[in-house]
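K.L.:
After the sequence you'll find the predicted model.
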Amino acid sequence: MKTYPKKRIDIMVEAPLMQRVLNLLDQQNVSGYTVLPVLAGRGKDGAWHRDGVVGRAGALVMIFCILDEQRVDEVLEPLFKLVSRQIGVVTVSDVQVIRAEYFT
């Protein structure tokens, strides 16, 4: 089956920042994205989990989108300005998709 190279941007941020990130992706005409809850993990400060956390304060979400390689910088620049002073992680990785027209 033929596949097409694209880039995936993963954005893990605190839940209260989610809507601002989604608005930015919409403003950048990102064709689609997905939001998932982040339940647990381990980072430079050790392990953490959501057990016992009530409400959105302290909750994390993972937002990911897939797009053409030439669009990565135009999306990352305003995204970095938004999340650089917040808790979160942004990564970019190579992916292969089977329907290239879905991801621009």
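P.N.:
Nice, thanks for sending it over. Keep in mind that what you see is a predicted model, and the values were worked out from it rather than measured.

K.L.:
quick one: contacts for the residue lying closest to Val83 once chain neighbours are set aside?
P.N.:
Using Cβ to Cβ, 6 or more residues apart in numbering and skipping residues adjacent in sequence, the residue nearest Val83 is Val13, 5.8 Å away. C-beta coordinates here come from the backbone N, C-alpha and C atoms, glycine included. By Cβ atoms under 8 Å, 6 or more residues apart in numbering, Val13 lies in contact with 21, 60-61, 63, 83, 86-88.

K.L.:
and Leu25, what does it touch?
P.N.:
Leu25 neighbours (Cβ under 8 Å, 6+ apart): 33, 63, 65, 75.

K.L.:
closest to Arg99 among these?
P.N.:
Nearest to Arg99 out of those is Cys65 (Cβ to Cβ; 14.8 Å).

K.L.:
Tell me how many other residues crowd the closest one.
P.N.:
22 (other Cβ atoms under 10 Å).

K.L.:
Good, wrapping up.
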